[in-house]
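heads up, no residue letters with this:
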């Protein structure tokens, strides 16, 4: 039964938290999922990390900001870029802390999914934190509301060039990605549908403070024909038409199934059933989650311990199992870079590909070494490709050593295993940490590499050794 609880907490959250595991384990199985939903009911707090200087320049005080009036000089523009990038680092770390400690595990896990689904790179901190709030607010609500909120966000409109989409010169980027990546999926629309949708989205833009604005003078108000219908459509009409397509429910359902259940074994009949119910519910995300989590197949052997943890899932899971506080929080940014997933910096508009793409020889070696690096407070090698966006303009070389130090709180770990006989400690810890079966536990090898000088030393070294295994990479 405990393996089922572990599976649930990893798939719709960020894994068991050592401090609260016993409370969860004491609950009847029937209450696990309702509790996860109830814990995520509270509205998320808006993350506001933007520098006051940026707010003053972009938003103005009682008037349009200096940037919107075109009053910024070269130095002020440079200051905004640099401060905004620093603020995005702060937003990244702020969200990491929330994912690690919040009771709203379901909301933040789903927000991470939508963060990849609606992938956007934008170097304006106001726009990034506004879009993140839209995603976190609607993460377990209604997909139509989420789609509309993201589509009208300054971050997405800017990223996909819709500010330049005017009736005299339509820009197709936004319309194409809304269809290909957010709703229908490739192959379920025509090039003419994109051209006509782009005309419908003309005039959609934003002010410098991030507010959505419809510029009527730039909108093509003439008739358009797309998805088999003709009319004087605007952007809202197009989103409505996309939501009317059952293929949208199927595309989103399939992607979420890969994220929560299995990214290789995806039965078409199961997707059809889930998508039909999702569509009929009016795109209620929690209804779809209910159907997935309450099913028998969610806990089937082929769907457990088979998913490679994303870098963010892996890191937050470690922090929840080994209660720790990083000595230098910004080292978490470098760790994200080294492992290939930096929040707010997806590789492209399609987001992170996931699955086996998380693993290569370099990242796997670092993944396996993270527990020992934390335990010993050692340096780790940065062997990453240079990415000026992620480096935020800093003069950082792709390689080099970085310290991954942290303060570890071992008391909750000792408390969790306090009643386990010493000879059974390693198997008990493996059962807690590994999502896959611990039936093939290399007990002799582990005994050779653990410190048996005291019970506490054995618990510590067993935790570290079991986290430094390929099995711990799976959930």
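Cool, the structure landed. Remember, it's a predicted structure, so these values are computed and weren't measured experimentally. Residues are numbered from 1 along each chain as shown.

low-confidence stretches in this structure?
Flagging of the chain using pLDDT under 70 yields the residue ranges 1-2, 58-72, 379-401, 438.

if you set the cut-off to 50 instead, what comes out?
Low-confidence segments of the chain, defined by pLDDT under 50: 61-65, 69, 392-396.

please parse it into its domains.
1-39, 311-408, 411-473 (automatic domain parsing).

next, format these as TSV and append mean neighbour count.
Yep, even glycine has a C-beta here, placed from its N, CA and C like the rest. Putting those into TSV (neighbours: other Cβ atoms under 10 Å) gives the following:
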stretch	mean neighbour count
domain 1-39	16
domain 311-408	17
domain 411-473	16
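
figure out which of the ones you listed is closest to residue 176.
domain 311-408 (9.5 Å; Cβ to Cβ).

gap between the two ends of the closest one?
20 Å (Cα to Cα, to the nearest Å).

how much space separates residue 287 from residue 109?
Per Cβ to Cβ, to the nearest Å, residue 287 is found 17 Å from residue 109.

want to throw the domains of the chain into CSV with distance to residue 94?
Formatted as CSV, the domains of the chain follow (distance: least, Cβ to Cβ, whole Å):
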stretch, distance to residue 94
domain 1-39, 16
domain 311-408, 10
domain 411-473, 24
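
closest to residue 303 out of those?
That would be domain 1-39 among those, by Cβ to Cβ, at 8.4 Å.

and the helices in the stretch 201-350 of the chain?
Along the stretch 201-350 of the chain, counting by DSSP state H, counting those that start in this stretch, helices occupy 235-244, 246-260, 268-280, 285-293, 311-321, 331-339.

nearest to residue 440, out of these?
helix 311-321 (21.1 Å).

just to revisit the earlier point, among the domains of the chain, which comes closest to residue 116?
Short answer: domain 311-408, nearest of the domains of the chain by Cβ to Cβ, at 3.9 Å.

give me the number of residues near the residue lying closest to residue 206 once chain neighbours are set aside?
Closest residue to residue 206 apart from its sequence neighbours, by Cβ to Cβ, 6 or more residues apart in numbering: residue 154 at 3.9 Å. For residue 154, the count of nearby residues is 24 (other Cβ atoms under 10 Å).

that older thread, residue 287 and residue 109: which is more packed in?
A direct count of neighbours by other Cβ under 10 Å for residue 287 and residue 109 places residue 109 higher, at 24 against 15.

tell me the gap between the helix or strand where that one lies and the middle of its chain.
Per DSSP states H and E: residue 109 is located in helix 105-117. In terms of Cα atoms, centre = their mean, to the nearest Å, the centre of helix 105-117 is set 5 Å apart from its chain centre.

what's the angle from the following helix or strand past that helix to helix 105-117?
Next helix or strand after helix 105-117 toward the C-terminus (DSSP H and E): helix 125-138. Put simply, helix 125-138 runs at 130 degrees to helix 105-117, going by axes from the mean of the first three to the mean of the last three Cα atoms, to 10 degrees.
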